[in-house]
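take this sequence and fold it.
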Amino acid sequence: MVEGIFFTFDSAFEMWAFRGASVALAAFLLGGLFLVTRPAPEVVGHPKGLFVLFLAEMWERFSYYGMRALLIFYLVQHWLFSDSEASVIYGAYTALVYITPVLGGYLADQFIGQRKAVLFGAILLTLGHFFMAFEGTGGQDDPTINVFWLALALIIVGSGFLKANISVIVGQLYTRTDIRRDPAYTIFYMGINVGAATASIICGFLGQTYGWEYGFGLAGVGMLIGLIFFIVGKPLLLGKGEPKDPAKIAGGKEWGIYGAGLAMVALCWAAVQFQDLVGIVLGGFGGALIAYVLAIVTFKLAYGSWEQAPKGPLGTFLASALVMIFGFIFAAMGNTYAQYVAGAGGIVLIGTLIQQSLAKKFDERDRIFAAMFMILVSIVFWALFEQAGSSLNLFTDRHVDTQGVNASMFQSINAIYIVLLAPVFAMLWQGLAQRGAEPSTPMKFGLAVIQVGLGFLVLVWGSNSVGIDVPTPVIFIFLIYLLHTTGELCLSPVGLSAMNRLSPAHMASLIMGTWFFASALGNFAAGLIAAATGAEGVGEEAGKQVVIDVYNTVGMYAVGIGIAVMVVSPLIKKLMRLDTLTDDDEHIKGEAEAGLEAGEAGFSKS
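Numbers count the residues shown, from 1 in each chain. Take a look at the predicted model:
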């Protein structure tokens, strides 16, 4: 035990990590305040509104990641869910967090504007994080658990309104040709990762050492600070992010949008408690979304209209899509034979797409095929990458020699690695491109999946090398996060850029929404994988072996899938039709901020 000024720590390393995170957070807060309150309209060459958004996002990410670092432990240790149950709840929660930005972005773009959407989202988030601090007595029989479900629902919907829109306002502060856009997003990106890194350390320590209410309560205080900055700093946003057509929300209609947001809270309150239903809806809607996108480019765009498309292939495509989707739904509900029906429908659907590819050449369709392939690969990546907050968090707590550091504090490693390595990767891709040696986008996707798989295999090797009855050395936790972060940097920013590049201008929002949806599917799948690592009641060593066996299996599969993606990458690159790609005047808002964090960027059209 090490006595600090205000707190007692389990080790000197934990003490200095806590102090370093606190100093960094305070430094960025004071520095931002200094820049925002200066009399000049611009500071360090940027409008002061950028730093208002920086501070608001920094505190929002602080609250979100502070809560996320503790959530799996809170579910298992306080509400007494089994590892498997907690992992599925965690997966459903994170999946819904990635679904709601699609609707939040749409409502902002069409009705209330980004600023009001961010404000509404921030209010919901503040309430949600404060409600997380209501512990009750614990256990699933405690009626206070309903406050916990409400807190999760508020955070889900609040994130949907805020995440999709605050980065868009950053872009609106600059013209499209302004050379300061990319540096502005670099500054904004720093706010995201400062908030994420410091939250896991500070909130994680307080929550696991002194009580859940302190960790969650501090996350709520952070969100409140971010909300205050956003409200007070409104004049510095220069009128950006306001409704495009105020008439659409006149006469009380604006309150109708907020009412719809509250209705979403009610839906999420129910959904997060019935996780199986979330999986069925995600899978069914995801299949329908992909089939809809493919139908548009294969028939409507390729032939000019639905009416001019060949009726036979179109009817076959639609019928096979319905068979596949409903087959999946019934299979998810427990019907064994339905999986074969779904598979047969999928085979016919793919056959129809191949037939149309041979019958009529259409570059836009081929590019969407390539985009859909990469979206499907991304689901595999996120399903493994997102073990960080669930099964890997529990593994670190139970089976790793953490040198006296609370396991939740290790959630900061990914954000720290991103800050350190993102500039390196940017320079690497640029340098390779200048030499004509840059890997293609699908090749990078293959490399990403291989790296996420290797991360698990390195952890398995490290655990086995010291023996199943010996705590795994903490260096292997740093190594798995390193490989997962390098994999993320090969996929997340690259993938978002590819979606923007390959999408026809009039389908840009739809394709980016599909990318978000893939992140949601990956997060839900992550919960199912994490549930497979649950081994309650079998003892410490046997429980560790179960986790290692699952990690070894998913690691091997990931490496195999990654190699397969690399093998077919020349074909996917050919489908991208880069030689016939031309510039146009329409882009997606948020293009420059692609890759700020896993799965986040604006996606509404200009």
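
pLDDT weak spots in the stretch 51-200 of the chain?
Across the stretch 51-200 of the chain, residues meeting the criterion (pLDDT under 70) sit at 176, 182.

and the strands in it?
Under the criterion DSSP state E, counting those that start in this stretch, strands are not mapped anywhere in the stretch 51-200 of the chain.

next one: the stretch 301-450 of the chain
According to DSSP E, counting those that start in this stretch, the stretch 301-450 of the chain carries its strands in the segments 400-401.

next, the buried residues of stretch 109-128.
109, 111-128 (16 or more other CB atoms under 10 Å). (C-beta placed from N, C-alpha, C; glycine too.)

with stretch 298-318 instead?
Within stretch 298-318, the residues scored as buried using 16+ other CB under 10 Å are 298, 299, 301, 302, 303, 309, 313, 314, 316, 317.

return that stretch as PDB; C-alpha atoms alone will do.
The C-alpha atoms that make up stretch 298-318 are tabulated as PDB, following Å, rounded to 0.1, in the frame of the first residue of the first chain:
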ATOM      1  CA  THR A 298     -27.500  -3.900 -58.900                       C
ATOM      2  CA  PHE A 299     -30.900  -3.100 -60.400                       C
ATOM      3  CA  LYS A 300     -32.100   0.500 -59.900                       C
ATOM      4  CA  LEU A 301     -28.900   2.400 -60.600                       C
ATOM      5  CA  ALA A 302     -27.500  -0.200 -63.100                       C
ATOM      6  CA  TYR A 303     -30.600  -0.100 -65.300                       C
ATOM      7  CA  GLY A 304     -31.800   3.500 -64.600                       C
ATOM      8  CA  SER A 305     -34.900   2.600 -62.600                       C
ATOM      9  CA  TRP A 306     -36.700  -0.300 -60.900                       C
ATOM     10  CA  GLU A 307     -39.100  -0.500 -63.800                       C
ATOM     11  CA  GLN A 308     -36.400  -1.000 -66.400                       C
ATOM     12  CA  ALA A 309     -34.600  -3.700 -64.400                       C
ATOM     13  CA  PRO A 310     -35.000  -7.300 -65.600                       C
ATOM     14  CA  LYS A 311     -38.000  -8.700 -63.700                       C
ATOM     15  CA  GLY A 312     -36.800 -12.300 -63.300                       C
ATOM     16  CA  PRO A 313     -33.400 -11.600 -61.600                       C
ATOM     17  CA  LEU A 314     -35.000  -8.800 -59.600                       C
ATOM     18  CA  GLY A 315     -37.800 -11.100 -58.300                       C
ATOM     19  CA  THR A 316     -35.300 -13.800 -57.600                       C
ATOM     20  CA  PHE A 317     -33.100 -11.400 -55.600                       C
ATOM     21  CA  LEU A 318     -35.900 -10.000 -53.500                       C
END
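
show residues contacting it.
If you take CB atoms under 8 Å, 6 or more residues apart in numbering as the criterion, stretch 298-318 is touched by 291, 294-295, 348-349, 352-353, 355-356, 359-360, 362, 364-365, 504.

return the member of the residues you listed nearest to residue 273.
For residue 273, the closest of these turns out to be residue 291, at 29.4 Å, with distances computed as CB to CB.

isn't that closest one right next to residue 326, touching?
No: Residue 291 sits out of contact with residue 326 when judged by CB atoms under 8 Å, with a separation of 11.9 Å.

who's more crowded, the two?
For residue 291 versus residue 326, the count of surrounding residues by other CB atoms under 10 Å is larger for residue 291: 20 against 16.

what about that one, which helix or strand?
Residue 291 belongs to helix 275-295 when elements are defined using DSSP states H and E.

can you name the residues in contact with that helix?
Contacts of helix 275-295 (CB under 8 Å, 6+ apart): 88-89, 91-92, 95-96, 99, 271-272, 314, 317-318, 321, 324-326, 328-329, 332-333, 349, 353, 368-369, 372, 375, 507, 510-511, 513-514, 517-518, 520-521, 524, 527-528.

kindly export stretch 177-185 (C-alpha atoms) in PDB.
Taking C-alpha atoms only, stretch 177-185 is exported to PDB below (Å, rounded to 0.1, in the frame of the first residue of the first chain):
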ATOM      1  CA  THR A 177     -11.000  24.200 -49.100                       C
ATOM      2  CA  ASP A 178      -9.600  25.600 -45.800                       C
ATOM      3  CA  ILE A 179      -6.200  24.000 -45.200                       C
ATOM      4  CA  ARG A 180      -6.800  24.200 -41.400                       C
ATOM      5  CA  ARG A 181      -9.500  21.400 -41.500                       C
ATOM      6  CA  ASP A 182      -7.200  18.500 -41.000                       C
ATOM      7  CA  PRO A 183      -5.100  20.200 -38.200                       C
ATOM      8  CA  ALA A 184      -8.500  21.100 -36.600                       C
ATOM      9  CA  TYR A 185      -9.600  17.500 -36.500                       C
END
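
for it, the distance to its chain's centre please.
24 Å (CA atoms, centre = their mean, to the nearest Å).

now the element after the helix-or-strand element of the chain with minimal mean pLDDT, going C-ward?
For the chain, the helix or strand with the lowest mean confidence is strand 2-3, at a mean of 74 (criterion: mean pLDDT, DSSP states H and E). With elements assigned by DSSP H and E, the helix or strand that comes after strand 2-3 is strand 8-9.

re the thing from before, can you pick out the most distant pair from the contacts of stretch 298-318?
Considering CB to CB, no two members of the contacts of stretch 298-318 lie farther apart than 348 and 504, which are separated by 26.2 Å.

what about the residue nearest to residue 66 when sequence neighbours are not counted, distance to residue 412?
Among residues not flanking residue 66 along the chain, residue 203 sits closest, at 3.0 Å (CB to CB, 6 or more residues apart in numbering). When distances are taken as CB to CB, to the nearest Å, residue 203 and residue 412 turn out to be 10 Å apart.

do the same with residue 258
Separation of residue 258 from residue 412 (CB to CB): 34 Å.

so those two - more neighbours on which side?
Residue environment comparison for residue 258 versus residue 412 gives the larger neighbour count to residue 412, 23 against 17, counting by other CB under 10 Å.

quick one, what contacts the nearest residue in space to the more buried one that is not next to it in sequence?
Nearest residue to residue 412, sequence neighbours excluded (CB to CB, 6+ apart): residue 200, at 3.9 Å. By CB under 8 Å, 6+ apart, residue 200 lies in contact with 65, 66, 68, 69, 408, 409, 410, 411, 412, 415.

which one of those is nearest to residue 395?
For residue 395, the closest of the contacts of residue 200 turns out to be residue 410, at 10.4 Å, with distances computed as CB to CB.

and for the closest one, the neighbour number?
The burial metric for residue 410, expressed as a neighbour count using other CB under 10 Å, is 25.

the one 5 residues further on too?
As a burial measure, the neighbour count of residue 415 was computed by other CB under 10 Å and equals 23.

and what of residue 90?
Residues contacting residue 90 under the criterion other CB under 10 Å number 30.

cool, and residue 364?
Counted with other CB under 10 Å, the neighbours of residue 364 add up to 18.

what do you get for residue 257?
19.

quick one: residue 28 and residue 187 touch, right?
No: the criterion here is CB under 8 Å, and residue 28 misses it with residue 187 at 10.8 Å.

neighbour count: these two, which is higher?
When neighbours are counted by other CB under 10 Å, residue 28 and residue 187 differ, and residue 28 comes out ahead with 19 against 16.

how many residues are close by residue 387?
Neighbours of residue 387 (other CB under 10 Å): 27.

quick check: which ranges of this protein have low pLDDT?
For the chain, the ranges with pLDDT under 70 are 176, 182, 509, 535-541, 583-606.
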